[in-house]
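Engineer: Structure, please.
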Amino acid sequence: MGSTGDVYRRIDKSWWLSFTTGLLVCLSCLLAVSGAWLHIIWVAPWAILIPCFWNPLTVRVTGETLEAQLGIGILKKTISLAEIKSIKVIDVPLRKRRHKIWVCFQGRALEIITRDDAVLWLGSPEPETLASFLEK
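Structural biologist: Have a look, this model is predicted:
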């Protein structure tokens, strides 16, 4: 994701996922020191996968598109601004199923509904700011 033509760009790191990654790295080292090399194959991959796939969330708005990218970019969503039907700032309760939210550890999100009724929630500490850039 280059910065050419960005109207809005924000990178949000989930501290919970960072803590989990650190914990798994420490557990991997502890298992390695204790001689449990066989058990390390169950722990070490998660210490690599968590930051690569789910942390951080990068949101970018250009004049034509909204792009959301998790981690190194394997999980990426691009929506044309012309395809957005509605946007709304919402509070995400902890008990709600979070299958459609990106960065699920944020308490607030921007709900984006496209013309084909697909729903995307972008967790953010400042969803109003993102909404103001999408409404322009």
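
Engineer: When you work out contacts or count neighbours from here on, use the C-alpha atoms and nothing else.
Structural biologist: Noted.

Engineer: Residue 7 reaches residue 134, doesn't it?
Structural biologist: No. Contact between residue 7 and residue 134 fails when scored by C-alpha atoms under 8 Å: they sit 9.6 Å apart.

Engineer: Okay, strands next: where are they in this structure?
Structural biologist: Applying DSSP state E to the chain gives strands spanning 8-12, 57-61, 65-70, 75-80, 84-91, 101-102, 108-114, 119-123.

Engineer: out of residue 7 and residue 134, which sits in the more crowded spot?
Structural biologist: Between residue 7 and residue 134, residue 134 has the larger neighbour count (other C-alpha atoms under 10 Å), namely 21 against 14.

Engineer: Contact partners for that one?
Structural biologist: Neighbouring residues of residue 134 by C-alpha atoms under 8 Å, 6 or more residues apart in numbering: 61, 81.

Engineer: got the phi/psi numbers for the residue located most distally from the centre of the chain?
Structural biologist: Distance from the C-alpha centroid of the chain, by C-alpha atoms, centre = their mean, peaks at residue 35 (35.5 Å). For residue 35, the backbone dihedrals (degrees, to the nearest 10) come out as phi 90, psi 10.

Engineer: what about it, distance to residue 29?
Structural biologist: According to C-alpha to C-alpha, to the nearest Å, residue 35 and residue 29 sit 10 Å apart.

Engineer: the bottom helix or strand of this protein by mean pLDDT?
Structural biologist: Within the chain, no helix or strand scores below strand 101-102, which has a mean of 64 by mean pLDDT, DSSP states H and E.

Engineer: hmm, back to that, how close does the residue farthest from the centre of the chain sit to residue 26?
Structural biologist: Distance from residue 35 to residue 26, counting by C-alpha to C-alpha: 14 Å.

Engineer: ok, back up a step: shared neighbours of residue 7 and residue 134, which are they?
Structural biologist: residue 61.

Engineer: Okay, and the beta partners of residue 79?
Structural biologist: Assessed by DSSP bridges, residue 79 has beta-bridge partners residue 66.

Engineer: ok, residue 43 to residue 15 distance?
Structural biologist: Residue 43 sits 19 Å away from residue 15, going by C-alpha to C-alpha.
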